[in-house]
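Peer 1: sequence and predicted structure, then a few things I'm wondering about:
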Amino acid sequence: MAMDEQTETTTDVTETTTDATEDVETLAGTDDVTRYPIAPGYRVNVRTGPGTKYGIVRTLPYGMKVPVYCQKPGERVTGPYGTSNLWDNIANGQFVADAYVHTGSDGYIAPRCD
């Protein structure tokens, strides 16, 4: 009987691991859009709008790459890639300062957000 309990526990752990993997894939996205790296050594706050006065949705982990669906002018921010008023939309209602994203450009690399 102890063997059955161990098997059930193993099955539960496997299911939990699968669910966690699916959650990470959902957050990271699986579309074919170009992803740009966040500056090395930085954990960047994701905000609800294009400025530091907007609420923080989450903080990106080190080494994250993000999609840029559109860009919007907002608060001017200085980061490792210069000073810019551009904010990158990385998901619905989620923005990061372009000064922390290595896009290879000081200007727009995506359409303007509405």
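Peer 2: Perfect, I can see it now.
Peer 1: per-residue pLDDT, the residue lying closest to Thr34 once chain neighbours are set aside?
Peer 2: Closest residue to Thr34 in three dimensions, ignoring its sequence neighbours and counting by Cβ to Cβ, 6 or more residues apart in numbering: Pro67, at 7.0 Å. (Each C-beta comes from the backbone N, C-alpha and C, glycine too.) Note on Pro67: pLDDT of 98.
Peer 1: quick check: bridge partners of Pro67?
Peer 2: Beta bridges link Pro67 to Arg35 when assigned by DSSP bridges.
Peer 1: and it, how close does it get to Arg76?
Peer 2: Plainly put, Pro67 is 23 Å away from Arg76 if you go by Cβ to Cβ, to the nearest Å.
Peer 1: spit out the contact partners of Ile109.
Peer 2: Val68, Gln71, Thr103 (Cβ atoms under 8 Å, 6 or more residues apart in numbering).
Peer 1: and with 10 Å instead?
Peer 2: Contact partners of Ile109, counting by Cβ atoms under 10 Å, 6 or more residues apart in numbering, are Thr34, Tyr36, Val68, Gln71, Leu86, Asp88, Asp98, Val101, Thr103.
Peer 1: do Ile38 as well
Peer 2: By Cβ under 10 Å, 6+ apart, Ile38 lies in contact with 44, 60-66, 79-80, 90, 96, 100-102.
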